[in-house]
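> Model the structure of this input:
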Amino acid sequence: MIDSVALRWILTLTFAAIGVYYLVRCVQASSTWVLRVSCIAHLAMSAAMIAMVWPWGMNIPVGPQVAVFVLAALWFLPLAWSREGAAIRVLHLHHVVIMGAMAWMVGSMPTVMSGSGSDMPQAMDMSHGMSMPGMGGNSSAVPGYLT
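Residues are numbered from 1 along each chain as shown. Purely as a prediction, here's the structure:
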C-alpha cells in the first residue's frame, strides 16, 4: 500500500484513464468478440491496480483475482500463435507475460505485506514512498521465492 494520498490519487487517475481507454475500445461497434474479451481483461487489470494503491484493496479476496489473471494469460497465449504477423504475436506474448505477472503479484502481495522483511539488499529496495513491510531489512520472513 502507498502512504502518500497524492500518489494514490495520481495512480488511481492514471489507471482509471487506461480503464476508460479499454472500455471505449470494448464498446465500439467495430470491436470483435476477441477484442472485447481482451479489453475486459485489461479493464480487470486497471481495476485491480487501482485497488492495490488503497487500503481497502487488501480486503479483496486473492483467489478470484489470481484466477482471473491466470485465465487472462491463458486467453492471450493462443492469440500469440495467430497468423497476423510477428508484431502482433509479440504483442500477445507481452499480454501473456503481464497478465501472468498480475496473477503473481496479486497472489504474492498478502505474503509480502505481512512479512517483516526480505533477503533483498537495502540498495535494491524500491519501495520509496510505499509502506511495504516485506520489502526492506534483512529478515527472512518473506519466502525467498517471492523476493
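> Identify all contacting residues around the helix or strand where Leu71 lies.
When elements are assigned from DSSP states H and E, Leu71 belongs to helix 62-79. Here helix 62-79 makes contact (C-beta atoms under 8 Å, 6 or more residues apart in numbering) with 34, 37-38, 41, 44-45, 48, 92-93, 95-97, 99-100, 102-103, 106-107, 109-110. The way it works is simple: take the backbone N, C-alpha and C, and place the C-beta from them, glycine included.
> isn't there a strand covering Ser31?
No - under DSSP: H, G, I helix; E, B strand; the rest coil, Ser31 sits outside any strand and is assigned coil.
> re earlier: from the contacts of helix 62-79, list the buried ones, please.
Neighbour counting by 16 or more other C-beta atoms under 10 Å classes 38, 41, 44-45, 48, 92, 95-96, 99-100, 102-103, 106-107, 109 among the contacts of helix 62-79 as buried.
> quick one: which of those residues sit in helices?
Mapping the buried ones among the contacts of helix 62-79 onto helices (DSSP state H) picks out 38, 41, 44-45, 48, 92, 95-96, 99-100, 102-103, 106-107, 109.
> Now for the residues you listed: which two are most distant?
Spatial extent of these (C-beta to C-beta) is set by the pair His92 and Met109 at 25.8 Å.
> residue contacts, the residue most central in space within the chain?
In the chain, the residue lying closest to the centroid (C-alpha atoms, centre = their mean) is Met102, at 3.4 Å. Met102 sits next to Met45, Ala48, Phe69, Ala72 when contact means C-beta under 8 Å, 6+ apart.
> ok, the residue lying closest to the first one once chain neighbours are set aside to Ala29 distance?
Excluding its sequence neighbours, the residue lying closest to Met45 (C-beta to C-beta, 6 or more residues apart in numbering) is Met102, at 5.7 Å. Using C-beta to C-beta, to the nearest Å, one obtains 29 Å as the distance from Met102 to Ala29.
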